[in-house]
Structures are given as C-alpha cells and as structure tokens.
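Q: Mind looking at a prediction? Sequence and model below.
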Amino acid sequence: MSLLTASQNLPFGVALALIIGLPIGILSAGRPERAERALLVCDTLQTFPSFIYLIPVVMLFGVNDVAVVAAITVFAAVPIVRYMIEGLRNVPPEIVESAAMSGASGRQLLWHVKLPLAVPTILVGANQSVMFALFMVIIAAFIGTQDLGQEMQRALSSTDVGKGLVLGFAVAFMGLMVDHLLLTWSRMRKQGTTG
C-alpha cells in the first residue's frame, strides 16, 4: 500500500513541477533580466537543505500526501526552470535571426525553432527533476508520511537489510529507467535534427 502511495505522489508531483516550471522557464528566458532573476531564485532555492522544503508545506497542509506532493513540486520545479532557461538561451542566435528574417513571428520562433533545438537541454532538466522528486520522497519520511521513504526508514531502523536493499534498488532502478528513457529519446531527436 505504501508503494502504491509513493507511485501516486511521485508522478503527480513531477507533473505539477513540469506544469509550473516550463511556463516560468519560457517566460523568464524571453528577456535577459528576467532570466537572471529566475536563475538567482533557482540558485537560492538550491542552497537550502532539502528538508527545509518540508517545513512550510507541513505548516500549510499538515502531515499528509498533499504536503509531500507540494514539497516534491517545489523541489522538482527548480531544475526544470533552470534548464529551460539555459536551453532557450543557448539556441544559436544565427538560427533565430535567419528564422526571423524568413518572416517567423515570435510564437513561431518559440514553438518551431527555439523549443525543438532546446529539447535535449530541457530533457536533462526533466531528468534532474525526477531525481530531485525521488530524493524528496525519501526525505518526506521524516514527517511520517506513508510512502516509499517511510518504508525505507522502517527497514533501516529495524536493521532489515534485505528489505532496505530491495527498496534502495527500487529507487535506483526508477531513477536509472527515467534517465535512460529521456537520454535515449534526446539522442534520437538530436540525430533526427542533424541527420
């Protein structure tokens, strides 16, 4: 039952982080001053220890799944915003200029030129977001939620080495699977655009 809860919290939190992070990244990358401010906020948020994110969400929502999803969302949105900004800012300016000279509007430049070229960098951000979310699920065990992190904490505290290893491998394999899928898709896209 706890694994089922974790499997619900994790994708829901990452999906919310994507829904929030991608538009913020796109809006921030539009102007250099906004990008600098957004990156400063991302840098500041990444200097905090991960358990600090639990304090405000527990105060707002109490100890429940909503608090865990909120913590995952905030923690996992940071790399998405960062890599979205970096990906859009690192699109070669000559490609953007040639598309603009061909008569592309601002929206067409974003959807048909910048975003497709930034996809490999954005996928790195999505990958990091999933890793951050997995980490937050483990840290959320400290507030007593019933999920994968709580099971790992119980296994370690009761010196149940076998269960701890199985749960540790489960978390590692989830991260490796997402990493492999995203990087493979990114490589295929890169070969498709250069081939």
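A: Received the coordinates, thanks.

Q: for this structure, what spans make up the helices?
A: In the chain, the helices defined using DSSP state H lie at 2-29, 32-47, 54-61, 65-89, 93-101, 106-108, 115-139, 148-157, 161-194.

Q: Check which residues of the longest one are buried.
A: Applying a neighbour-count criterion of 16 or more other CB atoms under 10 Å, one finds 164, 167, 171, 174-175, 178, 182, 186 buried in helix 161-194. Every C-beta, even on glycine, is put in place using the N, C-alpha and C of the backbone.

Q: So for this protein, the centremost residue is which one?
A: S129 (1.9 Å; CA atoms, centre = their mean).

Q: Identify the residue nearest it in space, chain neighbours excluded?
A: Using CB to CB, 6 or more residues apart in numbering and skipping residues adjacent in sequence, the residue nearest S129 is A76, 4.2 Å away.

Q: Tell me how many other residues crowd A118.
A: 24 (other CB atoms under 10 Å).

Q: ok, it touching V91?
A: Yes - the pair A118 / V91 is scored as a contact, 6.0 Å apart, by CB atoms under 8 Å.

Q: gap between the worst-scoring helix or strand of the chain on mean pLDDT and the chain center?
A: Least confident helix or strand of the chain, by mean pLDDT, DSSP states H and E, is helix 148-157 with a mean of 71. Relative to the mean C-alpha coordinate of its chain, helix 148-157 is positioned 24 Å out (CA atoms, centre = their mean, to the nearest Å).

Q: Now do that helix against helix 2-29, angle only.
A: Relative orientation of helix 148-157 versus helix 2-29 (axes from the mean of the first three to the mean of the last three CA atoms, to 10 degrees): 130 degrees.

Q: Does anything pack onto helix 148-157? Which helices or strands?
A: helix 2-29, helix 115-139, helix 161-194 (3 or more CB pairs under 8 Å, 6 or more residues apart in numbering; DSSP states H and E).

Q: Can you show me the CA trace of that helix as PDB?
A: Presented in PDB, the C-alpha positions along helix 148-157 are these (Å, rounded to 0.1, in the frame of the first residue of the first chain):
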ATOM      1  CA  LEU A 148       8.400   4.700  -0.100                       C
ATOM      2  CA  GLY A 149      10.600   6.800   2.100                       C
ATOM      3  CA  GLN A 150       8.700   5.700   5.200                       C
ATOM      4  CA  GLU A 151       9.200   2.000   4.200                       C
ATOM      5  CA  MET A 152      13.000   2.700   3.700                       C
ATOM      6  CA  GLN A 153      13.300   4.400   7.100                       C
ATOM      7  CA  ARG A 154      11.500   1.500   8.800                       C
ATOM      8  CA  ALA A 155      13.700  -1.100   7.000                       C
ATOM      9  CA  LEU A 156      16.900   0.700   8.100                       C
ATOM     10  CA  SER A 157      15.700   1.300  11.700                       C
END
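
Q: how deep is the closest residue to L18 other than its chain neighbours tucked in, by neighbour count?
A: Closest residue in space to L18, ignoring its immediate chain neighbours: I80 at 6.2 Å, by CB to CB, 6+ apart. Neighbour count for I80, taken as other CB under 10 Å: 25.
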